[in-house]
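S.K.: Here's my sequence, what's the structure:
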Amino acid sequence: MTSTSTPPWAPDTGHARGAAVTGTDGYLIDVRAQITNGPDVFTIAGIRDTTVSPMRDRIRAAVLNSGLSWPGRTITVHLSPPGLHGCGLDLPVAVAVLTAAGTIPAGMTAPCLFVAELGLDGSLRPVRGVLPAATAAADAEPTVVIVAPDNAAEAVLAPGMSVFPCPSLRASVYRQSGWSSQQAGSAAARCS
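M.R.: Residues are numbered from 1 along each chain as shown. Okay, the predicted model is just below:
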C-alpha cells in the first residue's frame with residue numbers, strides 16, 4: 001500500500017512573487033524557499049552578494065520582531081531569474097520562508113505580488129518603482145499587489161490589480177492566512 005503523505009525527510013517549500021525594476025521596466029521575480037533539517041543557516045541565491053547579508057538580517061529581525069517564529073533549520077531561498085535586484089524583495093522572501101515554515105498556508109500567495117522593504121521592527125517600508133512592478137504583474141498571473149501604505153497610491157495605477165496596503169509583515173501574514181480585515185487591522189495596531 002502506498003502513502004500519499006510527505007515523508008519526514010522531505011523539505012518544506014514556499015513560494016511568493018516579487019518584482020525588480022530596471023529603468024522603467026518591471027520584471028517578476030519568482031521566490032522559492034526550502035527548509036530542510038540541518039543547522040540554522042539562511043542562504044539567498046540569485047542576487048548580488050553585497051545585497052544578501054543586509055537583506056538576510058532585515059528579514060530575520062522583521063520576522064522575529066513581528067512575533068512570528070523563525071524556523072531554526074537550514075533555509076535556502078532562490079530568486080529567479082537571477083541577477084535582477086530590488087529593495088522591494090524583502091517582503092516576498094519573508095513570505096516564501098514563512099510559507100515553507102507553515103505559518104502561511106500553501107497556495108495562499110499564488111495570486112499575490114509582494115513589493116516592500118522590511119524594517120527591523122517588521123514594518124513595511126515603501127520602495128521605488130511600484131508602478132512598473134505592479135504593471136508587470138498585471139500582464140501575468142498575480143492579481144493582487146501587497147505594498148507599504150505609502151506605495152498604495154502608485155500601485156492602484158496598474159490596470160487590473162487589487163491593491164492591499166499593509167503596515168507590517170504581521171498584517172500581511174494575517175491577510176495571507178485568511179484572517180478577516182478586522183483581525184488583521186487589530187493585529188497591525190498591536191504591532192505598530
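
S.K.: Between its first and last residues, what's the separation in stretch 116-127?
M.R.: In stretch 116-127, first residue to last residue: 6 Å (CA to CA, to the nearest Å).

S.K.: Now find how far off-centre that stretch is within its chain.
M.R.: Put simply, stretch 116-127 sits 11 Å off its chain's centre (CA atoms, centre = their mean, to the nearest Å).

S.K.: List the buried residues for it?
M.R.: 116-119, 122-127 (16 or more other CB atoms under 10 Å). (C-beta placed from N, C-alpha, C; glycine too.)

S.K.: Stretch 70-90 too?
M.R.: Taking 16+ other CB under 10 Å as the criterion, stretch 70-90 shows 70-71, 73-79, 84-90 as buried.

S.K.: now do the same end-to-end measure for it.
M.R.: In stretch 70-90, first residue to last residue: 15 Å (CA to CA).

S.K.: now that stretch, how far from the centre of its chain.
M.R.: Here stretch 70-90 is found 9 Å from its chain centre; the criterion is CA atoms, centre = their mean.

S.K.: Tell me which residues touch Ser69, please.
M.R.: Each residue near Ser69 by CB atoms under 8 Å, 6 or more residues apart in numbering is listed here: 63, 101, 103.

S.K.: Same question for Gly88.
M.R.: Counting by CB under 8 Å, 6+ apart, Gly88 makes contact with 18-20, 114-117, 127, 129-130, 133.

S.K.: Please flag which of the buried residues of stretch 70-90 sit within strands.
M.R.: 74-79 (DSSP state E).

S.K.: Looking at these, which one is closest to Ile35?
M.R.: Relative to Ile35, the closest of these is Ile75; by CB to CB it sits at 5.4 Å.

S.K.: so how far is Thr99 from that closest one?
M.R.: The gap separating Ile75 from Thr99 is 12 Å, by CB to CB, to the nearest Å.

S.K.: what is in contact with those two at once?
M.R.: With CB under 8 Å, 6+ apart as the test, Ile75 and Thr99 both reach Ala33.

S.K.: Spell out for me which residue occupies the centre of this structure.
M.R.: Nearest residue to the geometric centre of the chain (CA atoms, centre = their mean): Pro92, 1.9 Å.

S.K.: Give me the distance between it and Ala62.
M.R.: Taking CB to CB, one finds Pro92 at 13 Å from Ala62.
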